[in-house]
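Novice: coords below, sequence missing:
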């Protein structure tokens, strides 16, 4: 899957990161956070290695976004509890989650472009540990 997505390597790194953040937010709206993390992280790591981008640059904001499920009751157990206890319809939860999800996308993208680069100064460099010898196929 990571090799199939390697066509995205023509994009600038920030655009690739933004796409991964959006995919993470959308995917976690329809499935459990933990399950989606187990599925998406290996794909994003392989994508990062294929396009020679630091895997932390892509995976850190995507992993954080996978914890931000606001749309549906199936996303996370607290959503299910709130939906059942408050008799909130799925439609109301889906529409109510649009603004928080948009805020999360923008804030995590800005965070990794600013504070992320201060915390991890080598974030824009492809690390040696992720090179060809580190990959097992």
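Specialist: Everything's here; your move. Note that the coordinates shown come from a computational prediction; the quantities given were computed from them, not determined experimentally.
Novice: is the spatially most distant residue from the centre of the chain in a helix, a strand, or coil?
Specialist: Going by CA atoms, centre = their mean, the residue of the chain most distant from its centre is residue 87, 29.6 Å out. The three-state label given to residue 87 by DSSP: H, G, I helix; E, B strand; the rest coil is coil.
Novice: got it, and residue 7?
Specialist: Applying three-state DSSP: residue 7 is helix.
Novice: tell me the pLDDT of it.
Specialist: Listed pLDDT for residue 7 reads 78.
Novice: just give me the neighbour total for residue 68.
Specialist: Applying other CB atoms under 10 Å, we find 22 residues neighbouring residue 68. For glycine as for every other residue, the C-beta is placed from the backbone atoms N, C-alpha and C.
Novice: residues in contact with it?
Specialist: Counting by CB atoms under 8 Å, 6 or more residues apart in numbering, residue 68 makes contact with 25, 28, 100-101, 104.
Novice: if you set the cut-off to 6 Å instead, what comes out?
Specialist: residue 104 (CB atoms under 6 Å, 6 or more residues apart in numbering).
Novice: need the three-state assignment for it.
Specialist: coil.
Novice: backbone phi and psi for it, please?
Specialist: Residue 68 adopts backbone torsions of phi -110, psi 70, taken as degrees, to the nearest 10.
Novice: tell me the predicted confidence for it.
Specialist: For residue 68, pLDDT reads 84.
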